[in-house]
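Chemist: fold the following and give me the result.
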Amino acid sequence: AAFTSLLGYYKLIDVKGGSAIKEEDTDLEEQAEKEIPELYTNMVRACDRYVAMKPEDEEQVAQAKFAAAKIFYDFNHFPECAKRFTEIIERWPEHENSPDSAKMLLSSFMMMRDIRSLNLWAENLYAIPALAKGELLVIINKIRDRAQFNRCFEYEFDKQYERAAGCFLDYAKNFSGSNLVDKAFYNAALNYQRAKKYLLALQANAGLYACCAKTSELGPRALYLIADTFRMAGVYEQAAVNFEKYVKAHPKSPKNKESLVYASKFRRSLGQFKEAVADYTLYIRRFPKDPKVPAVYFDMGMLLKKQKNHKGAIIHFQNYLKKYRNRGGVNLLLSAYQEIGDSYIKTRQGERGKKMFQEVIDTFKALPSEEKKTIDAKGLSAIAWAFFNLGDEAYEEAVRIKLTRKQLKENTEKKIAGILRAQEYYLTVLALKHPYWTTAALARIGSAWQRFATEFENSPLPSGLTIDEKEFYKLQLTEEAGKFRKQASDAYKRCLEE
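Modeler: Reported below is the predicted structural model:
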């Protein structure tokens, strides 16, 4: 049953040799241990269960042990796979999987920076005639020939990062003609960075870029690492400068997208909006099909607003609607109308701004129910903004109504009706449950009733009243005004609770 189960996994998962061997200069994130998926974990268990039964078929035992070891290797569980590959080599040096086991064993030691074991096993394998040949022999001799370089990794393995970095720099100086100079500079910078010696890391990367920018794949990476070191040290302007330099000097390098994201982020945070827009523009040109492009283009408009270039912002967001209306999604669509309306208001084009209030609401109402479910805080803010401004418009109309002696009753009723109409819009804002606009709406309801209470209490007295009648009338006004103040107080209290 155990063997049958194992055969089933062999059909599902390819565990044959010949997989890509991990190199020492693999990115750190690609070296990190990964979670093994359930299917592969189950196969490891099936392999171990079969081996534990001690079957007589040594060939199948060797295959099962190799399959389990390779799974651990593929998911960067280097200590475990090293132990398993070691057993395979020692028990079956002439097995067809032993050369691949040896390659992955040496690779595992390199990934762990366990150079003592790496050098030891290079010698062990060299002494096994069945293995010390072909491609594996080339790898073995390479390790044996560069033992001095590898000694630096011993310091790294012991977490003596600054000492390891100094060792690599010495190698680069003493063996300037070696084909390992680029790797020496690279590892020096990496270890200085681990030791938080950022200035020394910068100098090592500068040395790498100076010597090998065009002759080594690590050269361009050095410039990226210079920028990244500035980023980790919190020197954001220099980080942005070097990320931009990296993108322009090496347009086909793999870190371009990430570099532009960092550069634009730092420029934006530093208030260097012109430079941020240039980074955004380059991002859109380099990666036109990237799903983030609509958001990037949208944020360019926000930077125009931060510079108080509202006329430019209006044109920009109108262009956004032409280019990315559908691609950017409903939340940016609603927000684009909001930003256009806000910019119209700030440029004293109130009537055009008011049209945008309704545009937001009409767009929202026309959405299919499924699309309404995708509205996030940004889209919700645009809807709340529209209803809030419609409320303000209604309230301003109410404010313009004056309580005169001749039309006191009629205008009081009109004024109250106007405030209630405005309040309906503000209550719609509350129903949307957007934190900022909820607070703003409650504050506006409170101030509207508070202002009206004061105006009502101080409204003109009817003519022809006696002194006693005037006093009684004022008491009635104060009593009625108190009801309006109560409404104001309730709104303010709720505002504080939200």
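Chemist: need the phi and psi values for the nearest residue to residue 65 once chain neighbours are set aside.
Modeler: Excluding the flanking residues, the one nearest residue 65 by CB to CB, 6 or more residues apart in numbering is residue 88, at 5.5 Å. (Each C-beta comes from the backbone N, C-alpha and C, glycine too.) Here is the backbone geometry of residue 88 (degrees, to the nearest 10): phi -60, psi -50.
Chemist: check contacts around residue 88.
Modeler: By CB atoms under 8 Å, 6 or more residues apart in numbering, residue 88 lies in contact with 62, 65-66, 69, 95, 97-98, 101.
Chemist: and those residues, which two are furthest apart?
Modeler: 69 and 95 (12.4 Å; CB to CB).
Chemist: what helices or strands is the particular helix or strand that has residue 473 in it leaning on?
Modeler: Residue 473 belongs to helix 467-497 when assigned by DSSP states H and E. When contacts are defined as 3 or more CB pairs under 8 Å, 6 or more residues apart in numbering; DSSP states H and E, helix 467-497 sits against helix 435-457.
Chemist: pull the residues that contact the helix it packs on.
Modeler: So helix 435-457 is contacted by 381, 384-385, 388, 391-392, 395, 398-399, 403, 412, 415-416, 419, 422-423, 426-427, 429-430, 432, 477-478, 480-482, 484-485, 487-489, 491-492, 494-495, 498 (CB under 8 Å, 6+ apart).
Chemist: weed out the non-buried ones from the residues you listed.
Modeler: The neighbour count (16 or more other CB atoms under 10 Å) marks 381, 384-385, 388, 391-392, 395, 398-399, 403, 412, 415-416, 419, 422-423, 426, 429-430, 432, 477, 481, 484-485, 487-488, 491-492, 494-495 as buried among the contacts of helix 435-457.
Chemist: for residue 99, give its distance to residue 63.
Modeler: Counting by CB to CB, to the nearest Å, the gap from residue 99 to residue 63 is 15 Å.
Chemist: just residue 328 next, same as before
Modeler: Taking CB to CB, one finds residue 328 at 53 Å from residue 63.
Chemist: do the same with residue 479
Modeler: 95 Å.
Chemist: likewise for residue 230?
Modeler: Taking CB to CB, one finds residue 230 at 50 Å from residue 63.
Chemist: three-state assignment of the residue nearest the centre of the chain?
Modeler: Geometric centre of the chain, nearest residue: residue 261, 9.3 Å, by CA atoms, centre = their mean. Using DSSP: H, G, I helix; E, B strand; the rest coil, the structure places residue 261 in helix.
Chemist: which residues touch it?
Modeler: Contacts of residue 261 (CB under 8 Å, 6+ apart): residue 283.
Chemist: ok, now residue 354?
Modeler: 341, 389, 393.
Chemist: most neighbours of all those residues, which one?
Modeler: Counting neighbours by other CB atoms under 10 Å, residue 341 leads the contacts of residue 354 with 27 neighbours.
Chemist: I'd guessed that one sits against residue 358; true?
Modeler: No. Using CB atoms under 8 Å as the test, residue 341 is too far from residue 358 to be in contact (9.5 Å).
Chemist: anything in contact with each of those two?
Modeler: residue 386.
Chemist: which intervals of the stretch 51-200 of the chain have sub-threshold pLDDT?
Modeler: For the stretch 51-200 of the chain, the stretches with pLDDT under 70 are 145.
Chemist: can you give me the helices in it?
Modeler: 58-74, 78-91, 98-111, 115-126, 134-145, 147-157, 161-174, 181-194, 198-212 (DSSP state H, counting those that start in this stretch).
Chemist: okay, the angle between the third one and helix 78-91?
Modeler: Between the axes of helix 98-111 and helix 78-91, defined by axes from the mean of the first three to the mean of the last three CA atoms, to 10 degrees, the angle is 150 degrees.
Chemist: just the angle between helix 98-111 and helix 147-157, please?
Modeler: Using the same axes, to 10 degrees: helix 98-111 against helix 147-157 is 60 degrees.
Chemist: direction-wise, compare helix 98-111 with helix 58-74 and give the angle.
Modeler: 30 degrees.
Chemist: same for helix 98-111, what does it pack against?
Modeler: By 3+ CB pairs under 8 Å, 6+ apart, helix 98-111 packs against helix 58-74, helix 78-91, helix 115-126, helix 134-145.
Chemist: buried residues in the longest one?
Modeler: Buried residues in helix 58-74, defined by neighbour count with 16+ other CB under 10 Å: 61-74.
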